[in-house]
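Pasted the sequence and its predicted model underneath.
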Amino acid sequence: MESLLAGVGAAVLAWLFNPRLLERTGQWGVMFAAPLLEEVLKTGLALLLGASFWVSHLVFGVIEGIYDLKVSRFGLAAAACSVAGHLLFGLAATVLGKKVPGVIAPVAGGTVLHWLWNVFVLTRLGERGD
């Protein structure tokens with residue numbers, strides 16, 4: 001239950017803050033600022049609630065995938081990529097969280113993967129990648 005709450009809470013907070021962040025930062029924000037915010041929210045809330053990092057990320061990815069189904073021209077493919085991507089970021093956070101105490105390493109690992117993913121998606125596919 002804690003993981004569900006962390007994932008949903010992170011999605012709600014990202015939904016509230018990402019538009020304002022992206023207004024101010026534009027394309028740079030899509031590639032770099034939004035992923036940092038999202039990784040801090042998903043991993044930070046999971047840590048605060050004693051929840052699983054990877055499940056929190058998966059829940060967030062499912063919510064983002066539902067959003068992508070409605071707005072992306074890539075439909076189901078975009079939704080599947082959202083779920084798979086956030087699960088990957090969560091698995092990285094989980095592995096790093098088991099190796100290094102605290103929140104910095106798990107957030108950093110998930111963020112770097114998220115940045116790489118967004119750069120790839122935005123430069124290769126031309127789709128909104130957060």
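Nice, thanks for sending it over. Everything quoted here is computed from the prediction, not taken from an experiment.

Can you report phi and psi for residue 104?
Backbone geometry at residue 104, expressed as degrees, to the nearest 10, gives phi -60, psi -50.

Quickly find the element holding the residue nearest to the spatial centre of the chain.
The residue lying closest to the centre of the chain (C-alpha atoms, centre = their mean) is residue 38, at 4.7 Å. According to DSSP states H and E, residue 38 maps onto helix 34-49.

Quick check: which helices or strands does that helix pack against?
Helix 34-49 makes packing contacts with helix 2-28, helix 53-71, helix 75-99, helix 104-120 when contacts are defined by 3 or more C-beta pairs under 8 Å, 6 or more residues apart in numbering; DSSP states H and E. Any C-beta I mention is one placed from the backbone N, CA and C, and that applies to glycine too.

tell me which residues in the last one are buried?
Pointing back at helix 104-120 there. Across helix 104-120, burial judged by 16 or more other C-beta atoms under 10 Å covers 105-111, 113-115, 117-118.
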